[in-house]
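K.L.:
generate a structure from the sequence data that follows.
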Amino acid sequence: MTTSTEDLVDAPAGLRNVVVTTTQIGDVRGDEGFYHYRQHSAIDLATTATFEEVWFLFVEGRLPSEPELAAFTEVIAARRELPEELVELLPAIALGGDRFDPLAGLRTALSLLGATRGLAKLWDADPRTAKDDALTVCAVTPTILAALYRHRAGKEPLAPCPDLSTAANLLYLITGDTPDPAMARAVERYLIATIDHGFNASTFTARVVASAGADVVAAVAAAIGTFSGPLHGGAPDRALDALDAIGTPDRIDDWVRAQVLAGDRIMGFGHAVYRVEDPRARMLREIAQHIGGDLVDFAVQVEQRVTTILAELKPGRELPVNVEFYAGVVMQLCGIPREMFTPTFTVSRVIGWCANILEQSETGKIIRPAARYVGPALSFGPVSRSRS
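P.N.:
Purely as a prediction, here's the structure:
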């Protein structure tokens, strides 16, 4: 069936507020400063549940019973180990360039994992096989990221500890030390709060690839590529870089004004959906203040002044603090190196991607939008070539 230009529907830039499908996974209510996973408030889950319980919720659509959680935890622990053929190639991935890019390394490693396992295409796979592949991808992601970091740092990668939770295991695999329970819980709450967040760019990317019937790894790798951009997942370290650039409280106002007047973005402020305070930022601020310290006090001062100055210089625009600002603060307080901030974000978001990938694969329909041509006018007849 041919589509005429009269049938085309012009969408706003960035597809803003365009509904492209339905989902049972969750939703973001930007005007209310609220988001949820299934029927549960995401922030409530981050306050009262474990990461593994919420992971189960994304896989099965409900919170687990105690026996189900115990069995699920065992399954996850068993899948954290990397196959030997991938272990042997990780040093080359980690040390192959002058600049360490953990997300690029993760894309490569997952692609190798997919190739060695021979993952089934979603178009051909039964739901159980697809879910099994998704669980494996999610379970190995923190192991791969930590191993790449340690190779790059000249340290021997560690084997996952089956007795530790996902959050505690991540800290252990990165630092080599058994984490303080309070720090592990702070990271766990962050991970829970960032599993999913509506139809953001990386989630939409994952669903586009899944709609073509490709395998789980192909969809996740594409999502990681989108997520690596500084306008998406790549912002927590940049927000902390801003604190370093400011340095002291007496320099806050001058630095902020200079950034705004130069037309530069201040990372950690403003959001594509929220018009009020990002609930994740509020939770992370509370976590940071509970831990305490000079960095936290300085971050709170900077947030207050940035918010005030942005309201003055950009009247009518809502630019409250977002998740990235305090995410960097909390991760640094918990001992996560700055280059691992966005990779840590990825550890949680991969679960949301996989839930969306599996949901999309059930539709059996490819996502295929149109573009309106606005290039040079058509010219028919012999091709004219300039001769010089």
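
K.L.:
got a pLDDT number for Asp264?
P.N.:
At Asp264, the pLDDT value in this model is 87.

K.L.:
how much space between it and Ala13?
P.N.:
21 Å (C-beta to C-beta, to the nearest Å). C-betas here are computed from N, CA, C, even on glycine.

K.L.:
between these two, which is the more surrounded one?
P.N.:
Ranked by neighbour count (other C-beta atoms under 10 Å), Asp264 and Ala13 place Asp264 first, with 9 against 5.

K.L.:
what sits against the more buried one?
P.N.:
Residues near Asp264 by C-beta atoms under 8 Å, 6 or more residues apart in numbering: none.

K.L.:
least confident secondary structure element in the protein?
P.N.:
When each helix and strand of the chain is scored by mean pLDDT, DSSP states H and E, helix 236-246 comes last, with a mean of 85.

K.L.:
after that helix comes which helix or strand?
P.N.:
Heading C-terminal from helix 236-246, the first helix or strand you meet, by DSSP states H and E, is helix 252-261.

K.L.:
and the angle for that next one with helix 236-246?
P.N.:
Angle of helix 252-261 versus helix 236-246, following axes from the mean of the first three to the mean of the last three C-alpha atoms, to 10 degrees, is 120 degrees.

K.L.:
residues contacting helix 252-261, please?
P.N.:
245-246, 265-266, 301-302, 305-306, 309-310, 313-314.

K.L.:
give the buried residues for that helix.
P.N.:
By neighbour count on 16 or more other C-beta atoms under 10 Å, the buried set for helix 252-261 is 252, 255-256, 259-260.

K.L.:
and the next helix or strand past that helix?
P.N.:
Later in the chain than helix 252-261, the nearest helix or strand by DSSP H and E is helix 279-291.

K.L.:
now the very next helix or strand once past that next one: average pLDDT?
P.N.:
Using DSSP H and E, the helix or strand that directly follows helix 279-291 along the chain is helix 294-313. Averaging pLDDT along helix 294-313 gives 93.

K.L.:
for helix 294-313, buried residues please.
P.N.:
Using 16+ other C-beta under 10 Å as the test for burial, helix 294-313 gives 295-296, 298-300, 302-303, 305-307, 309-310.

K.L.:
and these as JSON lines, adding distance to Met283?
P.N.:
Listed next are the buried residues of helix 294-313 as JSON lines, based on distance: C-beta to C-beta, whole Å:
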{"residue": "Leu295", "distance to Met283": "18"}
{"residue": "Val296", "distance to Met283": "14"}
{"residue": "Phe298", "distance to Met283": "19"}
{"residue": "Ala299", "distance to Met283": "14"}
{"residue": "Val300", "distance to Met283": "14"}
{"residue": "Val302", "distance to Met283": "18"}
{"residue": "Glu303", "distance to Met283": "14"}
{"residue": "Arg305", "distance to Met283": "22"}
{"residue": "Val306", "distance to Met283": "19"}
{"residue": "Thr307", "distance to Met283": "17"}
{"residue": "Ile309", "distance to Met283": "24"}
{"residue": "Leu310", "distance to Met283": "22"}
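
K.L.:
please identify which of those is nearest to Ala159.
P.N.:
Nearest to Ala159 among the buried residues of helix 294-313 is Leu295, at 32.1 Å by C-beta to C-beta.

K.L.:
count the neighbours of the residue nearest to the closest one when sequence neighbours are not counted for me.
P.N.:
Leaving aside its sequence neighbours, Leu295 sits nearest to Val329 (C-beta to C-beta, 6 or more residues apart in numbering; 6.1 Å). Neighbour count for Val329, taken as other C-beta under 10 Å: 28.

K.L.:
start the count at 44 instead of 1 going forward.
P.N.:
In the new count, where the first residue is 44, that last one comes out as Val372.

K.L.:
Val372 and Phe341 touch, don't they?
P.N.:
No - judged on C-beta atoms under 8 Å, Val372 makes no contact with Phe341 at a distance of 9.2 Å.

K.L.:
pull the contacting residues for the spatially closest residue to Pro126 that is not a sequence neighbour.
P.N.:
When the adjacent residues along the chain are set aside, Pro126 lies closest to Thr159, with 6.2 Å between them (C-beta to C-beta, 6+ apart). Each residue near Thr159 by C-beta under 8 Å, 6+ apart is listed here: 126, 128-129.

K.L.:
related to what we said a few turns ago, as TSV, the contacts of helix 295-304 with distance to Leu327 would be great.
P.N.:
Formatted as TSV, the contacts of helix 295-304 follow (distance: C-beta to C-beta, whole Å):
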residue	distance to Leu327
Ala288	21
Ile289	19
Arg308	20
Ile309	17
Gln344	16
Val345	14
Arg348	19
Val349	16
Ile352	22
Leu353	19
Leu356	25
Lys357	24
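
K.L.:
list just the nearest of the residues you listed to Glu405.
P.N.:
Of all the contacts of helix 295-304, Glu405 sits closest to Arg308, with 37.7 Å by C-beta to C-beta.

K.L.:
for that closest one, what are its contacts?
P.N.:
The contact partners of Arg308, by C-beta under 8 Å, 6+ apart, come to Gln302.

K.L.:
equivalent analysis for Ile352, please.
P.N.:
Neighbours of Ile352 in contact, by C-beta under 8 Å, 6+ apart: 296, 299-300, 303.

K.L.:
need these in a markdown table (columns: pLDDT and distance to Asp167).
P.N.:
Output for the contacts of Ile352, formatted as a markdown table (pLDDT from 0 to 100; distance: C-beta to C-beta, whole Å):
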| residue | pLDDT | distance to Asp167 |
| --- | --- | --- |
| Asp296 | 95 | 60 |
| Val299 | 93 | 54 |
| Arg300 | 95 | 57 |
| Val303 | 90 | 52 |
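
K.L.:
thank you kindly, that will do.
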